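**Student:** Compute the structure for the input listed below.
(chains A and B)
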Number of protein chains: 2
Amino acid sequence: MQRRGLLIILSSPSGAGKSTLSRRLMAWDDDLRFSVSATTRPPRPGEQDGREYFFRSRDAFQAMVASGEMLEHAEVFGNLYGSPRGPVVQAMEEGRDTLFDIDWQGGQQIKQAMREDVVSIFILPPSMAELERRLTTRAQDSAEVIAARMAKSEAEISHWAEYDYVLVNRDLDESEARLRTILSAERMRRARQPWLSGFVRDLKKEFESR
Amino acid sequence: MQRRGLLIILSSPSGAGKSTLSRRLMAWDDDLRFSVSATTRPPRPGEQDGREYFFRSRDAFQAMVASGEMLEHAEVFGNLYGSPRGPVVQAMEEGRDTLFDIDWQGGQQIKQAMREDVVSIFILPPSMAELERRLTTRAQDSAEVIAARMAKSEAEISHWAEYDYVLVNRDLDESEARLRTILSAERMRRARQPWLSGFVRDLKKEFESR
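**Tutor:** Residues are numbered from 1 along each chain as shown, chains lettered A, B, ... in the order given. Next comes the predicted model:
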């Protein structure tokens, strides 16, 4: 294996640009895997099982938690959400990175479970007014839902200091370039390049056989 | 201050391309400061005090060590070498990074003294034969000196696993690009962006005054 796959956690209040940036990163790197969450919330029109989410009953979800199949899980607005472990472990072993679009609770649990392999990035909006504008322009939510999202946003932002990197998303192109730079550098870390041990062993052999 | 300056440690056996890469990084970033070492070895023709080294007597050098003015120091081939602390601390406070072209001993001491602010990078040669070829082509050293450098190289390489990043320098352009990526990413780390605290405080104020 050339290198060990990373777990990249991308968190932000909704409306800060996290989903768009996730999509752009996926388009940039074909080997990047998106972690599809499991949830107990019912599918919305157009959503497909296994694409947006794995839609599971509450019983099925809790059985997965009980058997250790969830890397992290949390209850949000009355629904359970979680990240299935199997595909993540497989990607890591194949040397492929997994991108998690999750909140601070999920991020914290993954960090605790997989320390060395995690890179966590928090995306901040340039201002709260801009965040509200983006939530409003989407025009997919009622005023009550937007107000609830704004309150949740403030709570989410309060966890910014638990992340390895924090970006202010003023411009999507600039933010995407920064994310690429972070990923490229983190992949180069010694601890993520297991082939180096063999390479140095060969240098030593070559030196001794001169 | 926009951000806190980093201490970038670049180590490698001689001939692996460290000096060339250091020069290229300095040319890339005008704000990057090169840490000029102090030494007790006599100047060679063409060397200027304060440019290649600060040339000091053994007494003067040891007085600097005694008063804590040396960030690190070590004896190599009978001469003392060390990194003066003053200019490094000043650069950090100005938000400028300092590049150290030093061996593993110096790197380890700086890492111990300044943990969070250090990024350490080790440059490996593609092969020992290539390393020897580069040392020989320089044509500035005798066969004995080259043999001594090769032995020192092997000892230096044995410390590769103490570094944050390890690069195999197969191609100077590629290695330079990788170093730029590492530096750019490391500068973005949350812990190195002290302005973020104020930024998030302002977001919170903005949210509360809505």
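**Student:** C-alpha only now, for contacts and for neighbours.
**Tutor:** OK.
**Student:** Could you report the neighbour count for A:Arg58?
**Tutor:** The number of residues packed near A:Arg58 is 14, by other C-alpha atoms under 10 Å in any protein chain shown.
**Student:** Now do the residue found closest to it once you drop the neighbours it is linked to in the chain, the pLDDT please.
**Tutor:** Counting by C-alpha to C-alpha, 6 or more residues apart in numbering or on different chains, A:Arg58 lies nearest to A:Thr40, which is 5.6 Å off, once chain neighbours are set aside. pLDDT, A:Thr40: 97.
**Student:** Likewise for A:Leu167?
**Tutor:** 97.
**Student:** which SS state does the nearest residue to it once chain neighbours are set aside fall under?
**Tutor:** Of all residues not flanking A:Leu167 in the chain, A:Ile123 sits nearest, at 5.0 Å (C-alpha to C-alpha, 6+ apart). At A:Ile123, secondary structure determined by DSSP: H, G, I helix; E, B strand; the rest coil is strand.
**Student:** what are the bridge partners for A:Leu124, then?
**Tutor:** Taking DSSP bridges as the rule, A:Leu124 bridges to A:Val168.
**Student:** Identify the residues contacting it.
**Tutor:** By C-alpha atoms under 8 Å, 6 or more residues apart in numbering or on different chains, A:Leu124 lies in contact with A:Ser12, A:Pro13, A:Ala16, A:Ile157, A:Val166, A:Leu167, A:Val168, A:Asn169.
**Student:** of those residues, closest to B:Ser153?
**Tutor:** A:Val166 (38.9 Å; C-alpha to C-alpha).
**Student:** Around chain B, which positions in chain A sit nearby?
**Tutor:** Residues of chain A lying close to chain B (C-alpha under 8 Å from any C-alpha of the partner chain) are A:127-129, A:154, A:157, A:161, A:163-166, A:178, A:181-182, A:184-186, A:188-191, A:200, A:203-204, A:206-207.
**Student:** give me that answer again for 6 Å
**Tutor:** Contact residues (C-alpha under 6 Å from any C-alpha of the partner chain) of chain A with chain B: A:Asp164, A:Tyr165, A:Val166, A:Thr181, A:Ile182, A:Ala185, A:Arg189, A:Arg190.
**Student:** could I get the residues you listed as JSON lines with distance to B:Glu144 and neighbour count?
**Tutor:** Putting those into JSON lines (distance: C-alpha to C-alpha, whole Å; neighbours: other C-alpha atoms under 10 Å in any protein chain shown) gives the following:
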{"residue": "A:Asp164", "distance to B:Glu144": "48", "neighbour count": "17"}
{"residue": "A:Tyr165", "distance to B:Glu144": "49", "neighbour count": "24"}
{"residue": "A:Val166", "distance to B:Glu144": "52", "neighbour count": "23"}
{"residue": "A:Thr181", "distance to B:Glu144": "44", "neighbour count": "21"}
{"residue": "A:Ile182", "distance to B:Glu144": "44", "neighbour count": "23"}
{"residue": "A:Ala185", "distance to B:Glu144": "39", "neighbour count": "20"}
{"residue": "A:Arg189", "distance to B:Glu144": "36", "neighbour count": "17"}
{"residue": "A:Arg190", "distance to B:Glu144": "33", "neighbour count": "22"}
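**Student:** could you redo these as CSV and give each row secondary structure and distance to A:Ile110?
**Tutor:** Output for the residues of chain A next to chain B, formatted as CSV (DSSP: H, G, I helix; E, B strand; the rest coil; distance: C-alpha to C-alpha, whole Å):
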residue, secondary structure, distance to A:Ile110
A:Asp164, coil, 13
A:Tyr165, strand, 16
A:Val166, strand, 18
A:Thr181, helix, 22
A:Ile182, helix, 19
A:Ala185, helix, 21
A:Arg189, strand, 20
A:Arg190, helix, 21
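**Student:** what two of the residues you listed have the greatest distance between them?
**Tutor:** A:Val166 and A:Arg190 (22.7 Å).
**Student:** Which parts of chain A are strands?
**Tutor:** Remark: strands assigned in chain A by DSSP state E are A:7-11, A:33-34, A:38-39, A:54-55, A:70-76, A:79-84, A:98-101, A:118-124, A:165-168.
**Student:** Deepest-packed of those, please.
**Tutor:** strand A:7-11 (a mean of 26; mean count of other C-alpha atoms under 10 Å in any protein chain shown).
**Student:** just the angle between it and strand A:118-124, please?
**Tutor:** 20 degrees (axes from the mean of the first three to the mean of the last three C-alpha atoms, to 10 degrees).
**Student:** which other residues reach strand A:7-11?
**Tutor:** A:97-103, A:117-122 (C-alpha atoms under 6 Å, 6 or more residues apart in numbering or on different chains).
**Student:** residue contacts, the residue nearest to A:Arg58?
**Tutor:** A:Phe55, A:Arg56, A:Ser57, A:Arg58, A:Asn79, A:Leu80.
**Student:** Among those, which one lies nearest to A:Thr136?
**Tutor:** Nearest member of the contacts of A:Thr40 to A:Thr136, counting by C-alpha to C-alpha, is A:Asn79, at 23.4 Å.
**Student:** I'd say that closest one and A:Arg41 touch.
**Tutor:** Yes. Using C-alpha atoms under 6 Å, A:Asn79 makes contact with A:Arg41 at a distance of 5.5 Å.
**Student:** Roughly how far does A:Thr137 sit from A:Ser11?
**Tutor:** According to C-alpha to C-alpha, to the nearest Å, A:Thr137 stands 21 Å off from A:Ser11.
**Student:** again with A:Met114
**Tutor:** Distance check for A:Met114 against A:Ser11: by C-alpha to C-alpha, it reads 17 Å.
**Student:** Leaving out chain neighbours, which residue sits closest to the residue nearest the centre of chain A?
**Tutor:** For chain A, A:Phe100 is the residue whose C-alpha lies nearest the centre (C-alpha atoms, centre = their mean; 2.0 Å). Nearest residue to A:Phe100, sequence neighbours excluded (C-alpha to C-alpha, 6+ apart): A:Ile9, at 4.8 Å.
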